[in-house]
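Q: Here is my input; please provide its structure:
(one chain, ligands or ions: 1)
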Amino acid sequence: MPDAPLAPRTPPSPSPPPSPRAPAAPGALLSVRDLRVAFGALEVVRGLSFDVRPREVLALVGESGAGKSLTARALLGMLPRGTTTSGSVRLRDAPGSYAELVGATRPALAALRGRRIALVPQDALSALSPVHPVGDQLAAAVGSVAGVSRSQARARAVAALDRVGIPDAARRARAYPHEYSGGMRQRAVIAMATINEPDVVVADEPTTALDADLQDQVLRVLGEQREAVGAALVLVTHDLGVVRGHTDRVLVMYAGRQVEQGPTRRVLDRPRAPYTAGLLASLPPADGEDGPAGGAPRPGGSGRRRRLPALPGSPPVPDALPPGCAFAPRCPLAEDRCRREEPGPWTVGDGHEVSCHRWDDVPYPATELFLERPA
Ligand SMILES: Nc1ncnc2c1ncn2[C@@H]1O[C@H](COP(=O)(O)OP(=O)(O)OP(=O)(O)O)[C@@H](O)[C@H]1O
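A: Residues are numbered from 1 along each chain as shown. Coordinates of the predicted model:
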C-alpha cells in the first residue's frame, strides 16, 4: 500500500470547545458556533461550528436525515414551527462587526434575508408563485429595497434572468413559472435569491431534481453569481461528486453532528473519518477506474476487489441514537471506546477537523475500509 501523500502524522490538537461566544475566524462573512436545532427535547442538529469566507463555497454533505436542510434553514432563521435553535449564527455587517441571527427578532431577520443572506430552496416550484409572471416576482424582490423605482426593478429583473442564462430574458420575464422548464425555473430562483447581491447564498440541494447537464449548468450559474457579487456559498448536497467539483471546503454531517470538516481536496483525498470514506466508496467509479470514484486512485489496478453498492446499513433516527459515536454500528473500525464516548472534534491538519476516535487508523486509500475481498 502506498504511503499517504500528505503531511506526516501529527498528534491531534483539541479543537476549541464549542462555545457560542467563540470568535469568528478572521475575515469570515458567516460564523456559526455550537449551532443546535431541536424539536422539543429531540436535538437533530448537534453543535455545528464553521466559518465561511468571501467567495468561498462550503458544502454541507451527508446522507438523508443528517440535518443538512435544518442547518441551512437555521442560517436564515427559517425553521419550521416547534423548533428551538441555540448557539450562534453571526453575519458580518461591517468589518469586524457581526449581526447575531439566533434569537433575532422577525423584523431584524426579514431585513437581512434576501439582502445579506439568501436561500435557494430545493424545490424551485414552491419558491415561485404560480399566479405572477416570473419577472414581476423578481422585480418585487428588488422593489422591497428602498430607493429603487419600478422601472429600475423591472430592468434589474430582466438583467438577472439574462445573467443566469434564461434565453430572451425580456420576453421570458413576462411568462409564468409553469411556462418555464425545470432547469429554467431553478435558474430563475437563483436569479431571485441573488438579485439583491447578498453576501451569503445558502443553496439547499439546488440540483437534486435535475439531470446531469442541468446540474452542471445550475452549479455553474451559482458559481458565476458568487464571483460576480463576491458572495460566499453554502451548498447543501448529498453528492460527493458535486462537492469535489464545485466547493472549497466541506463539512461532513452524520446524525446532526460534524464528522469531518476541512479543505475539500484534503478531506476527499485523505479522509480521516470512516464515514467520509464510506460515502466516497459508494460513489460510482469515474471513467477508466475500477475502484470507487472520488478519493485517491486504487493501488494495483484491476478487479481484485469489488465496490460495495452503497454504504451498508442506514443512519439512526434522532430519537434512537446509539451511545458514543452515532456511526459506530456501521463502522468497520469501531471498538469499545467508540460505543461509549462521543469523539472529538480534533484538529488533524491545516483547517482539517475530525470527530473519530480511530482517525489515525483510517487507511490510505480510505475507501479500502469498505471494499470486499472475493472469497
Ligand atoms: N418537522 C419535523 N419534525 C420532526 N422531525 C423533523 C422535522 N423535519 C426534519 N426532522 C428530522 O430532523 C432530522 C434532520 O432533517 P433534515 O431535513 O435537516 O435532514 P437532511 O440531511 O437535510 O436530509 P435530506 O437529505 O433527506 O433532505 C431528520 O431526522 C428528520 O427526520
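
Q: Can you name the residues that contact whichever residue of the stretch 201-350 of the chain sits closest to the ligand?
A: Residue nearest to the ligand within the stretch 201-350 of the chain (CB to the nearest ligand atom): residue 318, separated by 4.8 Å. Yep, even glycine has a C-beta here, placed from its N, CA and C like the rest. Applying CB atoms under 8 Å, 6 or more residues apart in numbering, we find residue 318 in contact with 39, 42-44, 65, 255-256.

Q: rerun that using 10 Å as the cut-off
A: Residue 318 makes contacts with 38-39, 42-46, 65, 67, 255-256, 326, as judged by CB atoms under 10 Å, 6 or more residues apart in numbering.

Q: In strands only, show me these.
A: Filtering the contacts of residue 318 for membership in strands, criterion DSSP state E, returns 38-39, 42-46.

Q: Buried only: go through those for me.
A: Those of the ones in strands among the contacts of residue 318 that meet the buried threshold are 38-39, 43-46, by 16 or more other CB atoms under 10 Å.

Q: Out of the residues you listed, which is nearest to residue 191?
A: Minimum distance to residue 191 across those is 29.3 Å, recorded for residue 45 (CB to CB).

Q: so what's the closest one up against?
A: Listed by CB under 10 Å, 6+ apart, the contact partners of residue 45 are 35-38, 66-71, 73-74, 79, 83, 85-87, 253, 255-257, 318.

Q: Please name the nearest non-neighbouring residue to it.
A: Counting by CB to CB, 6 or more residues apart in numbering, the nearest residue to residue 45 once its immediate chain neighbours are dropped is residue 37, at 3.9 Å.

Q: who does that neighbour bridge with?
A: Residue 37 has the following beta-bridge partners by DSSP bridges: residue 45, residue 85.

Q: pLDDT at it, what is it?
A: Note on residue 37: pLDDT of 97.

Q: Please verify my assumption that it contacts residue 44.
A: Yes: between residue 37 and residue 44 there is a contact under CB atoms under 10 Å: 5.7 Å.

Q: Tell me the residues that contact both of these two, please.
A: In contact with both residue 37 and residue 44: 67, 70-71, 83, 256, using CB under 10 Å, 6+ apart.

Q: dump the residue contacts of the residue nearest to residue 27 when sequence neighbours are not counted.
A: Closest residue to residue 27 apart from its sequence neighbours, by CB to CB, 6+ apart: residue 53 at 5.4 Å. The contact partners of residue 53, taken as CB under 10 Å, 6+ apart, are 24-31, 92, 232, 248-249.

Q: And residue 53, how close does it get to the ligand?
A: 24 Å (CB to the nearest ligand atom, to the nearest Å).

Q: ok, back up a step: of the buried ones among the ones in strands among the contacts of residue 318, which are in range of the ligand?
A: 39, 44 (CB under 6 Å from any ligand atom).

Q: What is the most widely separated pair among the buried ones among the ones in strands among the contacts of residue 318?
A: 39 and 46 (12.6 Å).

Q: Residue numbers of the protein in contact with the ligand?
A: Contact residues, the chain versus the ligand (CB under 6 Å from any ligand atom): 39, 44, 62, 64-70, 80, 238, 318.

Q: Pull out the buried residues from these.
A: Neighbour-count burial within the residues of the chain next to the ligand applies to 39, 44, 62, 65-70, 238, 318; the criterion is 16+ other CB under 10 Å.

Q: hmm, back to that, pick out the most distant pair among the contacts of residue 318.
A: Using CB to CB, the pair of the contacts of residue 318 lying farthest apart is 39 and 326, separated by 17.2 Å.

Q: what about the helices in the stretch 1-150 of the chain?
A: For the stretch 1-150 of the chain, the helices defined by DSSP state H, counting those that start in this stretch cover 68-75, 106-112, 124-127, 134-143, 150-163.

Q: is residue 250 in a bridge, and if so with what?
A: Here residue 250 sits in beta bridges with residue 59, residue 262, going by DSSP bridges.

Q: Spit out the contact partners of it.
A: 57-61, 235, 237, 240, 243-244, 260-268, 271, 276 are the contacts of residue 250 under CB under 10 Å, 6+ apart.

Q: What of residue 276?
A: 61-62, 240, 250, 252, 254, 259-260, 262, 267-268, 270, 294-295, 354, 356, 362, 366-367.

Q: quick one: residue 91 and residue 99 touch, right?
A: Yes: if you go by CB under 10 Å, residue 91 and residue 99 touch, sitting 5.1 Å apart.

Q: and residue 139, what does it touch?
A: Counted by CB under 10 Å, 6+ apart, residue 139 has contacts 132-133, 148, 150-158, 160, 173, 195.

Q: Report the rounded mean pLDDT for stretch 183-198.
A: The model assigns stretch 183-198 a mean pLDDT of 89.

Q: Pass me the low-pLDDT residue ranges in the stretch 51-200 of the chain, would you?
A: Within the stretch 51-200 of the chain, the stretches with pLDDT under 70 are 144-146.

Q: related to what we said a few turns ago, filter the contacts of residue 53 down to the buried ones.
A: 24, 28-31, 92, 232, 248-249.

Q: Distance-wise, check the residue nearest to residue 148 when sequence neighbours are not counted relative to the ligand.
A: Sequence neighbours aside, residue 142 is the residue nearest to residue 148 in space, at 5.5 Å (criterion: CB to CB, 6+ apart). As for residue 142, its distance to the ligand is 30 Å (criterion: CB to the nearest ligand atom).
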